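>>> fold the following, please.
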Amino acid sequence: MKNITLALDEETLAAGRAYAERHQTTLNALVRELLVKTVIADRQGAVGEMFRLMDAYPGNSRGQRWTREDLYAR
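Presented below is the predicted three-dimensional model:
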C-alpha cells in the first residue's frame with residue numbers, strides 16, 4: 001500500500017478522530033473506506049449512465065451485417 005499526505009484543518013481532524021474512535025476504527029481506515037466507497041459509487045454511476053445512453057440511442061445499422069472477420073480485421 002502507498003502512503004499519502006492529507007491536509008486537514010484542526011476541527012475536521014479532531015472530529016474525524018473522534019468519529020473513528022466511536023466506530024472502533026482508525027482515521028486511516030476511515031479515510032480509506034470512504035475513498036473506496038466514493039470511487040466505486042462513481043464507477044457504478046458511470047456504468048449506469050452508459051446503459052442509459054445505450055437505451056436512449058439504440059443506433060441503426062441500416063440493415064448492414066458484419067462477419068466475425070470484419071469485426072476482428074486489423
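
>>> check which residues of the longest helix along the chain are buried.
Taking DSSP state H as the criterion, the chain has its longest helix at helix 27-56. Applying a neighbour-count criterion of 16 or more other Cβ atoms under 10 Å, one finds L27, L30 buried in helix 27-56. Any C-beta I mention is one placed from the backbone N, CA and C, and that applies to glycine too.

>>> tell me the first helix or strand C-terminal of that helix.
Tracing the chain past helix 27-56, the next element assigned as helix or strand by DSSP states H and E is helix 68-71.

>>> next, the buried residues of stretch 7-27.
The neighbour-count criterion (16+ other Cβ under 10 Å) identifies G16, A20, L27 as the buried residues of stretch 7-27.

>>> turn these into TSV, including distance to R43 and pLDDT.
TSV is the format used below for those (distance: Cβ to Cβ, whole Å; pLDDT from 0 to 100):
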residue	distance to R43	pLDDT
G16	25	96
A20	25	96
L27	25	96
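
>>> can I get the residues you listed in JSON lines with distance to L53?
Output for these, formatted as JSON lines (distance: Cβ to Cβ, whole Å):
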{"residue": "G16", "distance to L53": "38"}
{"residue": "A20", "distance to L53": "39"}
{"residue": "L27", "distance to L53": "39"}
